[in-house]
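> Sequence and computational prediction follow.
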Amino acid sequence: MQIYMVGGAVRDKLLGRPVNDHDWVVVGATPEQMLELGYLPVGRDFPVFLHPDTREEYALARTERKSGRGYRGFVVESSPDVTLEEDLSRRDLTINAIATSAYGISAGGIFDPYFGAQDIEARVLRHVTDAFREDPVRILRVARFAARFTDFTVAPETMQLMREMVQHGEADHLVAERVWQELARGLMEEKPSRMFEVLRECGALQVLLPEVARLWGVPQRAEYHPEVDTGVHLMMVLDMAARLQAPLTVRFACLAHDLGKGTTAADVLPRHIGHEERSAELLKVVAERLRVPVDCRETADVVAREHGHIHRSHELSAAALVRLLERCDAIRKPERFADILLACECDARGRLGFEESAYPQRQRLAAVLAVVQSVVTRDIAARAAAKGMSGPQVGTLIHQARVEAVAQWTGNNNAT
């Protein structure tokens, strides 16, 4: 039995990046031997075990044989006869197909049959073997790695291979859960725009997210969007979300906020009247198709509908401000409202020449919400009950009290 550190842990050590997780492969062992040593079985599709002390995953060396379409169409074979090189050959990229001894790189150097260290030095994302084409999830993984390693480029032959996979329909067989998993991870990388650029270049974006793909080439009004192209704007917004270290809910909202602009009639361009509602409707389609988590879809829905009103909130009356907060459900869900405001700031600053601009709307609306929350609704309800009022009548009184509080605040804070 021989144990090797493989994959991302070795790659990140060679890159000088932090290593958070270790992947281990065991050569020359059987499942029975692993159990005798106290390892705990967890793999469903192939033999994977948890170390009895560290709880890190140890996988028996294995090979894969294509048996159908999509990423599930594989027969996995594991035996003590599978070599380390055979195990590494099934991996996606050369930079992930490097192994070292269990004692680390300094102990015995690296085992690198596919020249991954050379590609790390050259900053290239390159597939290991032609078996890459057998798993369409690898298209998404390459795009995600491009978003993480921002100074890497995709090898031309790998890009061509991904194009061929899309043309042959492999991307059509990706299941929603895997698409969302990779998309969510890519959105959280250092430069998420690169993920979409790679997917667009190989044709996969049109298959997986046609609502996003159609935004390129759609013009916008230059006085608001000096970058003009809607697709370019979207990429700038996503990168601004990464720059501001926004959570996934915000980044997904940024991705979906302008989907409706892709369906604007040509004769009204570059204006996009009503795109907010169209964006919200398209968001429903995307969220259903990809099975997007509820928190992400709900935040994105509000941002899609209300980002224009939030941008122009400094023009609103006290009554309109309270109605805006109510539509955003900000009083009940202030934490989500903070995410909504952050997404709107990303939208405002994700424009050519506006990257360093302030976005006072975020702080101002947070202050307005604090004023509304300071209204003691319990006392209003008690007084209303003493007068025999109930239900909608009480709600009207509370709404009026909130409007009056905001009106007083805005009167004292006109400079903001």
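Arrived safely. Quick caveat: nothing in here was measured; it's all calculated off a predicted structure.
> And stretch 369-384, end to end?
24 Å (CA to CA, to the nearest Å).
> and that stretch, which residues are buried?
Neighbour counts using 16 or more other CB atoms under 10 Å place 369, 371-372, 375, 377, 380-381, 384 of stretch 369-384 among the buried residues. For the C-beta atoms, the positions are set from N, CA and C on the backbone; glycine is no exception.
> If you average the pLDDT over it, what comes out?
Across stretch 369-384, pLDDT averages out at 91.
> Excluding its own residues, what touches that stretch? List them.
322, 325, 330-331, 334, 337, 390, 393-394, 397-398, 401-402, 405-406, 409 (CB atoms under 8 Å, 6 or more residues apart in numbering).
> repeat that with 7 Å
The contact list for stretch 369-384 (CB atoms under 7 Å, 6 or more residues apart in numbering) reads 322, 325, 330-331, 334, 337, 393-394, 397-398, 401-402, 405-406, 409.
> Contacts for the helix or strand harbouring residue 250, please.
Using DSSP states H and E, the element containing residue 250 is helix 248-256. With CB under 7 Å, 6+ apart as the test, helix 248-256 has contacts from 184, 187-188, 192, 212, 237-238, 241, 279, 283, 286, 292, 295-296, 299-300, 303-304, 339, 342-343, 346-347.
> Lowest-scoring secondary structure element of this structure by mean pLDDT?
helix 105-108 (a mean of 53; mean pLDDT, DSSP states H and E).
> Sheet partners, orientation included, of whichever helix or strand comes after that helix?
Sequence order places strand 110-111 as the next helix or strand after helix 105-108, per DSSP H and E. If you go by DSSP bridges, strand 110-111 pairs up with strand 99-101 (antiparallel).
> Low-confidence ranges, the stretch 301-416 of the chain, go.
For the stretch 301-416 of the chain, the stretches with pLDDT under 70 are 414-416.
> Swap in 50 and give it another go.
415-416 (pLDDT under 50).
> And for the stretch 101-250 of the chain?
Residues of the stretch 101-250 of the chain that meet the cut-off, pLDDT under 50, sit at 107.
> Do you have the strands of it handy? List them.
Residue ranges of the strands in the stretch 101-250 of the chain, as given by DSSP state E, counting those that start in this stretch, are 110-111, 124-125, 153-154.
> could you say what helices and strands the second one packs with?
If you count contacts as 3 or more CB pairs under 7 Å, 6 or more residues apart in numbering; DSSP states H and E, strand 124-125 packs onto helix 137-148.
> buried ones in the helix it packs on?
Within helix 137-148, the residues scored as buried using 16+ other CB under 10 Å are 137-148.
> Show me the helices in the stretch 51-200 of the chain, by range?
Applying DSSP state H, counting those that start in this stretch to the stretch 51-200 of the chain gives helices spanning 84-89, 105-108, 116-122, 137-148, 156-167, 176-187, 193-202.
> With distance to residue 9 added, can I get the ones you listed in TSV?
Putting the helices of the stretch 51-200 of the chain into TSV (distance: least, CB to CB, whole Å) gives the following:
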stretch	distance to residue 9
helix 84-89	14
helix 105-108	10
helix 116-122	13
helix 137-148	15
helix 156-167	22
helix 176-187	17
helix 193-202	22
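> Which residue comes closest to residue 165 once chain neighbours are left out?
Nearest residue to residue 165, sequence neighbours excluded (CB to CB, 6 or more residues apart in numbering): residue 133, at 5.2 Å.
> Tell me how far that neighbour lies from residue 196.
In this view, residue 133 and residue 196 are 22 Å apart by CB to CB, to the nearest Å.
> between these two, who's got more neighbours?
When residue 133 and residue 196 are compared for neighbours, residue 196 comes out ahead with 27 against 17, by other CB atoms under 10 Å.
> Might you report the residue contacts of that one?
Here residue 196 is in contact with 205, 212, 235 (criterion: CB under 7 Å, 6+ apart).
> Tabulate those (TSV), appending neighbour count and distance to residue 269.
Shown next, in TSV, are the contacts of residue 196 (neighbours: other CB atoms under 10 Å; distance: CB to CB, whole Å):
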residue	neighbour count	distance to residue 269
205	24	22
212	22	18
235	23	20
